[in-house]
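kindly return the folded structure for what I paste below:
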Amino acid sequence: MARIAIGGLHHETNSFAPQPATMERFEEADGWPPLSRGAAMLANTAGANLAITGFIDAARAAGHALVPLVWANACPSGPVTRDAFERLAAMMLEDLAAAGPIDALFLDLHGAMVTEHLPDGEGELLRRLRRIAPDLPIVAALDLHANVSEAMVGLSDALVAYRTYPHIDLAATGAKCLPLLERLVAGRPLAKAHRKLDFLIPLPWQCTTIEPARTLYVLLDEVACDGVLSASICMGFPAADTPVAGPSVLVYADDPATAEAVAARLATAFREAEPRFMGRLWRPDEAVRHAQAHAGSRPVILADTQDNPGGGGSSDTTGLLEALIAARAEGAVLALLCDEEAARAAHAAGEGRILRGLALGGRHGPAGVRPVRGDFAVGRLGNGRFTATGPMYGGNRMDLGPMALLRPLAAPGVEIAVSSRRLQAADRAILHHLGVDPAAKRILALKSSVHFRADFEPLADEVLVVEAPGANVADPASLPFRHLPPGLRLRPALS
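A predicted model of the protein is given here:
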């Protein structure tokens, strides 16, 4: 039996998003648990689809003793503030130093954190941990969108990334880390190989349920031959303006030759798939017209990808909403629009009342985005506390603050699910909380890039990826990067 310290720090940084990740954002609950320290971590993450939870469950089943340190997450946004990073890192270092003799450390990390003062948040966290525990076996779970740096690889013993986008295997990834850590504790090191790719991939086309990523990830099982202990493909997060940006592959094996050979095979397959990382982006007005003309019995999904809060979007832009209202789209629901002021006004007014002259959304840009002004009927109200039920968020205890379902009088067939905290629309429970049956709608306008597919796509006849204004820009080539590594191309080459 080993004594294993556990902790985590999660943030996916969109360098161009308007809202920074302050300490307050890490302290509050939203779609994920709040900042948790010590025993509170075990209680707050229990039953959730999180890497930390999967590791805890596997380690307990194997009889290991666990020493919880700190776990924290903030919704994707602009860079993490210096204050937040330094306070969180200090907590983890303090708790590790106070943990007494331990045999290993498991970390639940994202891999695409940029702070106000550091280009590689995870690399710096590992560097500080190594200063106080230079020989401690360290294994970390990573997000599929990790921008893996040489520092991260060199300062850890193993990194294991999710294999699905939508991320339905978070807990499973945590569990996969345990055998690697046990091997290290037993004194058997891992050979490692890391290859970076030289092009950015737009988020909508990183989805592992569609090509080319679907076939690329199947290859991970094919290379799981004798001597290969773990293999990962990281797509990278394209909105992080950092010298460590870009996709990569990671392989851990019994010997260096095997690790290098398998990494080379994965990198070659990745490069061959490059021209197929593409798809159509629809204008809001044409997407709404197409959905209205759809004659099927099931909804059409309009993915408002550029306002996806899971990629740093503010979740309050109004481009797609304006198109739905202008077309008087019957049977349409938009989720989630984050506007705390509007939600509180709806609660103050009460169900069935009218909010006159409300300015809804559009508070955080980008340029040209404005609030939708008008009269809105207040439908169902909710406190924003419910348990998610879908494949990705399932088991998570949501806390989105006051929520309201609003209907513009100018287009009463359109419903808007309003929250007080940002969360991408990736779980049907979000709408059920406000009395909406998503299967009964004609149009589901969802502020999400890919995660919605896990729970909502089975309901729909068609999915259209919509290019309405927002901070989670679909085409990285349109972003004003300043810090990318030399030679990194801003989009996949088409041939």
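
where does this structure have low pLDDT?
For the chain, residues meeting the criterion pLDDT under 70 lie at 495.

pull the longest helix from it.
For the chain, the helix with the greatest residue count under DSSP state H is helix 256-273.

buried stuff in stretch 347-360?
Residues 347, 349, 355, 358, 360 are the ones in stretch 347-360 that count as buried (16 or more other C-beta atoms under 10 Å). From N, CA and C alone the C-beta is placed, and that goes for glycine too.

help me confirm that the fourth one is found in a strand?
Which is residue 358. Yes: under DSSP: H, G, I helix; E, B strand; the rest coil, residue 358 falls within a strand.

phi, psi of the nearest residue to it once chain neighbours are set aside?
Nearest residue to residue 358, sequence neighbours excluded (C-beta to C-beta, 6 or more residues apart in numbering): residue 376, at 5.2 Å. Dihedral angles of residue 376 (phi, psi; degrees, to the nearest 10) stand at phi -130, psi 130.

show me how the record splits this structure into domains.
3-276, 284-474 (automatic domain parsing).

between the two ends of the first one, how far is it?
Translated: domain 3-276. The stretch domain 3-276 measures 46 Å between its terminal residues, going by C-alpha to C-alpha, to the nearest Å.

again with stretch 26-36
9 Å.

what's the spacing between the residue nearest to residue 358 and residue 412?
In this view, residue 376 and residue 412 are 10 Å apart by C-beta to C-beta, to the nearest Å.

neighbour count for those two, which is higher?
residue 376 (28 against 12; other C-beta atoms under 10 Å).

ranges for the helices of the stretch 151-300 of the chain?
170-185, 213-222, 256-273, 284-293 (DSSP state H, counting those that start in this stretch).

of these, flag the one that's most buried.
helix 170-185 (a mean of 22; mean count of other C-beta atoms under 10 Å).

re the thing from before, residue 490: which of the helices of the stretch 151-300 of the chain is closest?
helix 256-273 (16.4 Å; C-beta to C-beta).

follow-up on the earlier one: need the helices of the stretch 151-300 of the chain in CSV (columns: distance to residue 38).
CSV is the format used below for these (distance: least, C-beta to C-beta, whole Å):
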stretch, distance to residue 38
helix 170-185, 19
helix 213-222, 35
helix 256-273, 37
helix 284-293, 47
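
of all these, which one is nearest residue 421?
Proximity to residue 421 (C-beta to C-beta) singles out helix 170-185 among the helices of the stretch 151-300 of the chain, at 20.2 Å.

for the closest one, list the C-alpha coordinates in PDB.
Output of helix 170-185 as PDB, limited to C-alpha atoms (Å, rounded to 0.1, in the frame of the first residue of the first chain):
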ATOM      1  CA  LEU A 170     -12.400  12.200 -17.300                       C
ATOM      2  CA  ALA A 171     -12.900   9.800 -14.400                       C
ATOM      3  CA  ALA A 172     -11.600   6.900 -16.600                       C
ATOM      4  CA  THR A 173      -8.400   8.900 -17.300                       C
ATOM      5  CA  GLY A 174      -7.800   9.400 -13.600                       C
ATOM      6  CA  ALA A 175      -8.100   5.700 -13.000                       C
ATOM      7  CA  LYS A 176      -5.600   5.000 -15.800                       C
ATOM      8  CA  CYS A 177      -3.000   7.000 -14.000                       C
ATOM      9  CA  LEU A 178      -2.900   4.600 -11.000                       C
ATOM     10  CA  PRO A 179      -1.000   1.700 -12.600                       C
ATOM     11  CA  LEU A 180       1.700   4.100 -13.800                       C
ATOM     12  CA  LEU A 181       2.100   5.600 -10.400                       C
ATOM     13  CA  GLU A 182       2.200   2.100  -8.800                       C
ATOM     14  CA  ARG A 183       4.900   1.100 -11.200                       C
ATOM     15  CA  LEU A 184       6.900   4.100 -10.300                       C
ATOM     16  CA  VAL A 185       6.500   3.600  -6.600                       C
END
